[in-house]
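[1] Give me a model of this one.
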Amino acid sequence: MTTTRSGPQAAAAGAGVDRPDRGGSGRTAVVVGGGLAGVTAALALADAGVRVTLTEARPRLGGLAFSFKRGELTVDNGQHVFLRCCTAYQWFLDRIAARDLVTLQDRLDVPVHDPRSGKTGRIGRVALPVPLHLAPSLLRYPHLSVAERASVGRAALALRGLDLKDPALDGINFGEWLAARGQSARTIEALWDLVGVATLNATSDQSSLALAAKVFKTGLLSEPGAADIGWAAAPLGDLHDGRARAALDAAGVRVLLRARATGLTARPQDGAPAAGGEEARDVAHAGWCVDVETGPGRGEQLTAGTVVLAVPQQETHELLPAGALEQPEKLLRIGTAPILNVHVIYDRQVLRQPFMAAIGSPVQWVFDRTASSGLTGGGQYVALSQSAVQDEIDLPVAELRRRYLPELERVLPATRGAAVRDFFVTRERTATFAPTPGVGALRPGPATRAPGLYLAGAWTATGWPATMEGAVRSGLHASRQALSALGLPCEHGVLEAA
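    Okay, here's the model as predicted:
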């Protein structure tokens with residue numbers, strides 16, 4: 001794996017090299033969790049002069065956006081995309097010098113095929129101001145009637161008028177909101193759920209209006225190019241593990257892999273009682289002790305003035321000291337949603353574009369992963385990204401094969417007669433938090449009631465659904481709060497914007 005850098009990317013990746021410790025020896029931090037949120041927080045803290053140790057239970061970084069080897073292939077566990085409006089994630093790519101490993105569309109273009117009619121439409125944009133930039137593709141969209149297309153425009157204008165800061169939106173069901181604005185079942189399937197299921201990991205009738213409005217307002221109704229789609233042109237592990245680890249090393253961050261945090265306690269100042277119970281937030285302490293299991297019968301205790309917990313909500317609940325959150329049980333009420341990925345390798349080319357979407361079929365999105373996986377020999381590797389599949393996530397591989405290979409023949413006629421060289425699935429049973437109505441009231445912010453303790457993760461209160469963008473923003477939010485408490489400035493403009 002190459003980590004060669006030049007120009008501004010090299011400057012970013014080497015931001016932690018040969019710099020003075022402006023924070024002093026007492027300004028230390030432990031970041032628990034090596035996903036995008038944790039890596040982001042660690043880099044931002046280190047760039048400000050804090051001495052950081054990052055712990056990760058897995059043998060790699062990257063969280064749930066990772067790669068693994070399958071024979072000669074390098075396989076991503078799932079298909080992850082970002083949009084041009086995902087400014088924090090793009091900052092992250094630049095910070096780890098990985099911009100060269102992604103592709104970003106010049107202009108939004110999504111082929112959408114309906115095997116029931118045999119028609120393929122496209123969702124795209126033209127060089128017109130919002131919302132007119134989407135009008136030509138909507139007018140030509142074959143999956144909706146003229147009346148349904150007109151109704152979409154009215155609903156989009158209503159969405160654009162919503163105030164994302166209004167807390168009442170969190171408790172409203174998006175599907176019911178759409179129906180009340182004249183959206184037919186076909187319109188919801190062919191447009192609103194086409195986008196919403198992929199970004200929210202839930203259908204509209206299982207989604208909070210607040211999160212849905214965030215997706216559609218920011219992605220489709222803010223700037224003409226906001227919804228242009230980007231994706232990794234290399235294995236995700238090259239980005240989120242390889243390049244990320246090199247950036248952490250260059251910043252002076254100590255990285256401990258296969259190191260699971262098992263306990264978190266406050267270190268009281270000399271003469272002060274140990275922090276515990278509801279008084280934890282009021283007790284002066286000299287920092288934190290993080291107990292880390294590094295192997296069978298082996299462990300280490302890390303001490304630091306600042307701790308960022310960047311792990312899933314259930315694990316965060318287990319580690320939180322008493323009194324750190326007013327209602328910690330809320331974390332356990334944040335549900336999770338699965339994502340299933342179906343991987344098929346054919347003996348010939350069956351997909352002639354980077355990706356496509358489908359309606360009228362269990363197939364949702366199909367991506368070409370041939371080049372990034374290293375597949376050679378003239379075949380093609382396609383990956384199906386299937387969100388909101390609670391009823392399929394535990395089905396046997398044989399049953400999934402019987403279900404999806406015939407569906408691919410309907411969606412991609414070129415697969416008919418093609419030989420299947422390999423078929424396998426990857427499952428993330430808790431891929432995202434569930435964006436159900438009311439979830440916003442359960443998501444905590446980055447600061448806790450315990451001094452020096454902060455939370456990060458896509459499930460925290462970022463205002464975004466569970467995306468790579470949300471994960472990075474959560475790390476930026478946590479690091480900004482920590483740096484403010486330490487009296488250190490945030491050195492990256494994106495920290496203020498996040």
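
[2] where does the protein have low pLDDT?
    Within the chain, the segments meeting pLDDT under 70 span 1-26, 269-285, 491-498.

[3] next one: the longest strand belonging to it to chain centre, how far?
    Ordering each strand of the chain by length in residues (DSSP state E) puts strand 420-433 first. Average the C-alpha atoms of strand 420-433, do the same for its chain, and the two points are 16 Å apart (CA atoms, centre = their mean, to the nearest Å).

[4] what's in contact with it?
    Contact partners of strand 420-433, identified using CB atoms under 8 Å, 6 or more residues apart in numbering, comprise 64, 70, 75, 77-78, 201, 312-313, 334-347, 379, 393-394, 397, 400-401, 405, 439, 443, 458-459, 465-466. Backbone N, C-alpha and C define where each C-beta goes, glycine included.

[5] That strand pairs with which strands?
    Under the criterion DSSP bridges, strand 420-433 sits next to strand 336-346 (antiparallel) in its sheet.

[6] tell me how far the strand it pairs with is from the chain's mean position?
    Centre-to-centre, strand 336-346 and its host chain are 16 Å apart (CA atoms, centre = their mean).

[7] same for the helix or strand that that strand is followed by, what does it pack against?
    Sequence-wise, the next helix or strand beyond strand 336-346 is strand 355-358, with elements assigned using DSSP states H and E. Under the contact definition 3 or more CB pairs under 8 Å, 6 or more residues apart in numbering; DSSP states H and E, strand 355-358 sits against strand 109-114, strand 365-368.

[8] Among those, which comes closest to Leu43?
    strand 365-368 (28.5 Å; CB to CB).

[9] for that closest one, packing partners?
    Packed against strand 365-368, as judged by 3+ CB pairs under 8 Å, 6+ apart, are the following elements: strand 355-358, strand 380-387.

[10] hmm, back to that, which of the helices and strands packed on strand 355-358 is buried the deepest?
    A comparison of those by mean neighbour count, using mean count of other CB atoms under 10 Å, puts strand 365-368 on top with a mean of 22.

[11] Report the strands that pair with it, each with its relative direction.
    When DSSP bridges is applied, strand 365-368 pairs with strand 355-358 (antiparallel), strand 380-387 (antiparallel).

[12] follow-up on the earlier one: JSON lines please, covering the helices and strands packed on strand 355-358 and showing distance to Val50.
    Formatted as JSON lines, those follow (distance: least, CB to CB, whole Å):
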{"stretch": "strand 109-114", "distance to Val50": "42"}
{"stretch": "strand 365-368", "distance to Val50": "39"}
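
[13] So which of those strands is nearest Asp170?
    strand 365-368 (27.2 Å).

[14] Hmm, Met468 is touching Phe82, no?
    Yes. The pair Met468 / Phe82 is scored as a contact, 5.8 Å apart, by CB atoms under 8 Å.

[15] Please enumerate the shared neighbours of the two.
    Between them, Met468 and Phe82 share the neighbouring residues Tyr89, with contact defined by CB under 8 Å, 6+ apart.

[16] and the helices and strands packed on strand 365-368 as TSV, adding mean neighbour count?
    As requested, the helices and strands packed on strand 365-368 are exported to TSV (neighbours: other CB atoms under 10 Å):
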stretch	mean neighbour count
strand 355-358	22
strand 380-387	23
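
[17] Which one, of the ones you listed, ends up nearest to Glu293?
    With CB to CB as the criterion, Glu293 lies closest to strand 380-387 of the helices and strands packed on strand 365-368, at 33.4 Å.

[18] which element follows that closest one toward the C-terminus?
    Along the chain past strand 380-387, the next helix or strand (assigned with DSSP H and E) turns out to be helix 397-411.

[19] How about residues contacting that next one?
    Identification of contacts with helix 397-411 by CB under 8 Å, 6+ apart yields 113, 115, 340, 342, 344, 350, 356, 358, 361-363, 366, 382, 384, 392, 395, 415-416, 420, 423-425.

[20] Please pick the buried ones from the residues you listed.
    Listed as buried from the contacts of helix 397-411 are 113, 115, 340, 342, 344, 350, 356, 358, 361-363, 366, 382, 384, 392, 395, 415, 423, 425; burial here means 16 or more other CB atoms under 10 Å.

[21] follow-up on the earlier one: now a PyMOL select for only the buried ones of the contacts of strand 420-433.
    Typed into PyMOL, the next command selects the buried ones out of those (criterion: 16+ other CB under 10 Å):
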select buried, resi 64+75+77+78+201+312+313+334+335+336+337+338+339+340+341+342+343+344+345+346+379+393+400+401+439+443+458+459+465+466
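
[22] mind listing what's buried in the helix ranked longest in the chain?
    Using DSSP state H, we find that the single longest helix of the chain is helix 468-486. Across helix 468-486, burial judged by 16+ other CB under 10 Å covers 468-483, 486.

[23] related to what we said a few turns ago, to Arg27, which of the strands paired with strand 365-368 lies closest?
    strand 380-387 (41.2 Å).

[24] List the residues that contact the nearest residue to Ala434 once chain neighbours are set aside.
    Using CB to CB, 6 or more residues apart in numbering and skipping the chain neighbours, the partner closest in space to Ala434 is Gly335 (3.6 Å). The neighbours of Gly335, taking CB under 8 Å, 6+ apart as the test, are Phe433, Ala434, Thr436, Val439.

[25] ditto for Gly379
    Gly379 makes contact with Ile345, Tyr346, Asp347, Arg348, Thr370, Arg421 under the criterion CB under 8 Å, 6+ apart.

[26] Would you quantify the distance from it to Ile339?
    Here Gly379 is placed at a distance of 25 Å from Ile339 (CB to CB, to the nearest Å).

[27] same deal with Arg140?
    Looking at Arg140 against Ile339, where the rule is CB to CB, the gap reads 31 Å.

[28] Over to Glu407?
    Note on Glu407: its distance to Ile339, by CB to CB, is 17 Å.

[29] Next: Val472.
    For Val472, the distance to Ile339 under the criterion CB to CB works out to 19 Å.

[30] same question, Ala259
    In this structure, Ala259 and Ile339 are 27 Å apart, going by CB to CB.

[31] what's the answer for Arg125, then?
    Taken as CB to CB, the spacing of Arg125 relative to Ile339 amounts to 27 Å.

[32] about what we covered before: can you list the strands paired with strand 365-368 in TSV and add distance to Ala266?
    Listed next are the strands paired with strand 365-368 as TSV, based on distance: least, CB to CB, whole Å:
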stretch	distance to Ala266
strand 355-358	49
strand 380-387	40
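
[33] which stretch among the ones you listed comes nearest Gly242?
    Among those, the nearest to Gly242 by CB to CB is strand 380-387 (20.6 Å).

[34] Extract the C-alpha set from the closest one and format it as CSV.
    Extracted in CSV, the C-alpha atoms of strand 380-387 (Å, rounded to 0.1, in the frame of the first residue of the first chain):
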residue,chain,number,x,y,z
GLN,A,380,-17.1,-8.6,-13.3
TYR,A,381,-17.7,-8.2,-9.6
VAL,A,382,-20.9,-6.5,-8.6
ALA,A,383,-22.1,-5.8,-5.1
LEU,A,384,-25.7,-5.2,-4.0
SER,A,385,-26.2,-2.8,-1.1
GLN,A,386,-29.4,-3.7,0.7
SER,A,387,-30.6,-1.4,3.5
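
[35] any idea of the angle that strand forms with helix 397-411?
    For strand 380-387 against helix 397-411, the angle by axes from the mean of the first three to the mean of the last three CA atoms, to 10 degrees is 100 degrees.
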